[in-house]
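Trainee: Have a look at this fold, sequence not included:
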């Protein structure tokens, strides 16, 4: 019954296909050990290739090390490859000034994604269940994260799948007992210091007892409804945001024509573009700012400030370096306080493909003058070398853990409205040298006392 329910869910949501390679993210707890057991059952049915991955966060000393040994042994008994990573999560959280939970989550998914790409795997399976979905929805509701937060945990996001999302923790523990599946107990789960543990141990049981005994099933249904609503709203927001966005400002003429709900969605998107947490309070302050007089200001998290101008809302980072913009009408050099950038003809024929290189070579026939050398702007997109499709510069910078000041120091080379090179960071796929290239320009950047715009 349990296996059948999971198998039906996996098929319905299109999480797996026969013959795929799957990385099972196994912590050693009941959820992940049951998931591993289920995947082994599906392996026989669908000829899957399984790999076990584990992260030792180093937060519980010998207990964490015991978890790692336990999972390693379990993988070995099943004849599965095992990969693990050890990290000092507390030290990384202190360095990045983030919570332990947030840091652990980012380290975990970064490791799994890196391993997936290295192995050429198709998916990473995590053991989130229906209880986790309920807790996430309640957590997001209480924080004020809007429709997206109420959509809960998706069965699939990019390459990450959740095959146990259709079953509850009680069902998982019952299956583990029935199949005599051994697992480890995480002592931190009984502590109520963490908000999620408090919700799990106090709030959810009370709601199930006094309000809705089928809370998890109800929340799964509601999450699906909110996911559909979120997708529709996403399309509406994409269109509205494209009409309003203008660098680090939002034009008010089109913005004022939108319904309040869409206005709030646009403001949420703007905050996300700036890497500012889109709290309900911040979104309300910004939508109200649109109706205030010129010169009115709204203070935002992380040192950002929004100012009402004549026809727009301008977003500025306090104490941030100002942007820059230069134009080259022909090959030449731009001198800036932070860098020197040169575009010059060259006889070089080989293509330099190093990410983060201070020199790149581009096809001269594709590069048209005038060329603009400027600081990055909100909404900037390009086609990173070696990747299919486009990527936001904000996402690229976030992946490199760059601060707002560091982002503003990086020169962006633009030709014909397209980004050619994020100097010292990444070349655009469309401008690389090919076998048909007949003329070449070299692009060189030298940072004055910095690397890739960093001090």
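Mentor: Arrived safely. This structure is a prediction, so every number in the text was calculated from the model and none was measured.

Trainee: Quickly note the distance from residue 12 to residue 64.
Mentor: 36 Å (C-beta to C-beta, to the nearest Å). Any C-beta I mention is one placed from the backbone N, CA and C, and that applies to glycine too.

Trainee: higher neighbour count, those two?
Mentor: It is residue 64, of residue 12 and residue 64, that has more neighbours when counted by other C-beta atoms under 10 Å, with 19 against 10.

Trainee: Does the more buried one touch residue 56 like I think?
Mentor: Yes. Using C-beta atoms under 8 Å, residue 64 is in contact with residue 56, at 5.2 Å.

Trainee: from memory residue 310 sits against residue 294, does it?
Mentor: Yes. At 5.9 Å, residue 310 and residue 294 qualify as touching, with contact defined as C-beta under 8 Å.

Trainee: Give me the domain ranges for this structure.
Mentor: Under the assignment automatic domain parsing, the domains of the chain span 2-217, 247-317, 325-447.

Trainee: Name the next helix or strand downstream of the lowest-mean-pLDDT helix or strand in the chain, please.
Mentor: Least confident helix or strand, the chain: helix 404-409 with a mean of 73, by mean pLDDT, DSSP states H and E. Heading C-terminal from helix 404-409, the first helix or strand you meet, by DSSP states H and E, is strand 412-415.

Trainee: so what strands line up beside the helix or strand that comes right after that following strand?
Mentor: Next along the chain after strand 412-415, taking DSSP H and E as the criterion, comes strand 418-422. Strand 418-422 sits in its sheet next to strand 412-415 (antiparallel), strand 426-427 (antiparallel), going by DSSP bridges.

Trainee: Ok, which of those comes nearest residue 17?
Mentor: Closest to residue 17 of the strands paired with strand 418-422 is strand 426-427 (C-beta to C-beta; 32.1 Å).

Trainee: picking that back up, so can I have JSON lines of the domains of the chain showing distance to residue 236?
Mentor: Formatted as JSON lines, those follow (distance: least, C-beta to C-beta, whole Å):
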{"stretch": "domain 2-217", "distance to residue 236": "11"}
{"stretch": "domain 247-317", "distance to residue 236": "6"}
{"stretch": "domain 325-447", "distance to residue 236": "17"}
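
Trainee: Out of these, the one nearest residue 224 is which?
Mentor: domain 2-217 (8.4 Å).

Trainee: Now do the closest one: distance to the chain's middle.
Mentor: 18 Å (C-alpha atoms, centre = their mean, to the nearest Å).

Trainee: now do the same end-to-end measure for that domain.
Mentor: 15 Å (C-alpha to C-alpha, to the nearest Å).

Trainee: circling back to that earlier point, if you average pLDDT over each of the strands paired with strand 418-422, which is lowest?
Mentor: Mean pLDDT values for the strands paired with strand 418-422 show the minimum at strand 426-427, a mean of 92.

Trainee: Could you pull out the buried residues of stretch 21-28?
Mentor: 22, 23, 24, 25, 26, 27, 28 (16 or more other C-beta atoms under 10 Å).

Trainee: I meant stretch 7-20, not that one.
Mentor: 7, 9, 10, 13, 15, 16.

Trainee: Equivalent analysis for stretch 262-273, please.
Mentor: In stretch 262-273, counting by 16+ other C-beta under 10 Å, buried: 262, 263, 264, 265, 266, 267, 268, 269, 270, 271, 273.

Trainee: first vs last residue of stretch 427-443, how far apart are they?
Mentor: 10 Å.

Trainee: Since that was my last question, I'll sign off now.
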